[in-house]
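Colleague: build the 3D model from these lines:
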Amino acid sequence: MKAILLSGGFGKRLKPLTDYLPKPLIPIYNYPIIEWQIHYFKKFGINDIIVCAGYKADQVIKHLESKNLGVHLEYSIETDPLGTAGAIKKASKYIDAENFFVINGDILTDIDLNKLKTHSNSIAVIPLRTSFGIVHLNGTKVERFEEKPEMSDYWMNAGIYYLNTDILKHLPKNGNLESTTFPFLSQSGMLYAVKYDRVFWKSVDSYKDMEECELLIKTNKYEKFIFSR
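Modeller: Numbers count the residues shown, from 1 in each chain. Predicted structure coming up:
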């Protein structure tokens, strides 16, 4: 079993930090994002990891090779941005098993990967999380405020996938999964969703996200989860 880390983005919303440091190496509560992700996969017994790197890839490789992370790493380097689908297609030469995991390069989570293996070509989904507070009304009167609730009737893509190698023939050389391959698979009845409720999940895309992620790591005791056996 192998996992692909999609870590080739520019991290434009994290400028000027990412002018000097690639997004995967941004530190969040003691560890760079990419190290959290590697240890996350190790937690579930996945020790063969393909790193898709693009922007400042040399820094990413140099950092990882200087660490003793206890995993086997391979690198798929993008000289030009390929999108999530294109990155997987380029990295597919390293895939030698029937199924493999994929995670977007800015996500920290405790989602149970074993549950995701129920079906090939599955995506993890979580309740939609609004970044705004909700006002509950009774007619024109305000009853109460609810701060950043989960919208339990709506599900969002958590950016974690369990894919079959059959998908590779449907991947474009350049483009994103969400706008190319996934719509085709869903229309063909070949794409599954696994629901996760009340999980730790955070995408780091801004300075505010960094602050919120560190707080969530503390409150959810995420470090203990990751490093416990």
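Colleague: now do stretch 32-51, average pLDDT.
Modeller: Average pLDDT, stretch 32-51: 95.
Colleague: revised request: answer the last question for stretch 142-153.
Modeller: pLDDT averaged over stretch 142-153 gives 74.
Colleague: contact partners of the strand or helix carrying Asp209?
Modeller: Assigned by DSSP states H and E, Asp209 belongs to helix 207-219. Helix 207-219 is contacted by residues 14, 26, 28-29, 108, 200, 202-204, 222-223 when judged by Cβ atoms under 8 Å, 6 or more residues apart in numbering. To be clear about C-beta, it is placed using only N, CA and C from the backbone, and glycine gets the same treatment.
Colleague: what sits closest to Asn176 if chain neighbours are left out?
Modeller: Spatial nearest neighbour of Asn176, chain neighbours left out: Gly83 (4.4 Å); criterion: Cβ to Cβ, 6 or more residues apart in numbering.
Colleague: only the buried subset of the contacts of helix 207-219, as a ChimeraX command please.
Modeller: To isolate the buried ones among the contacts of helix 207-219 in ChimeraX, judged by 16 or more other Cβ atoms under 10 Å, type:
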select :14,26,28,108,200,202,203,204,222
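Colleague: check contacts around the residue nearest to the spatial centre of the chain.
Modeller: Among the residues of the chain, Asn104 comes closest to the average C-alpha position under Cα atoms, centre = their mean, at 3.0 Å. Neighbour list for Asn104: 6, 84, 159-160, 203 [criterion: Cβ under 8 Å, 6+ apart].
Colleague: the same query, at a cut-off of 6 Å, please.
Modeller: 6, 159 (Cβ atoms under 6 Å, 6 or more residues apart in numbering).
Colleague: show me what it bridges to in the sheet.
Modeller: Per DSSP bridges, the residues bridged to Asn104 are Leu6.
Colleague: I'd like the distance between it and Gly9.
Modeller: 9 Å (Cβ to Cβ, to the nearest Å).
Colleague: swap in Ile134?
Modeller: 31 Å.
Colleague: how about Lys148?
Modeller: Distance, Lys148 to Gly9, by Cβ to Cβ: 25 Å.
Colleague: check which element follows the helix or strand bottoming out on mean pLDDT in the chain along the chain.
Modeller: Here the helix or strand of the chain ranked lowest by mean pLDDT, DSSP states H and E is strand 141-146, holding a mean of 78. Tracing the chain past strand 141-146, the next element assigned as helix or strand by DSSP H and E is strand 150-164.
Colleague: which strands or helices does that following strand pack on?
Modeller: strand 99-104, strand 122-129 (3 or more Cβ pairs under 6 Å, 6 or more residues apart in numbering; DSSP states H and E).
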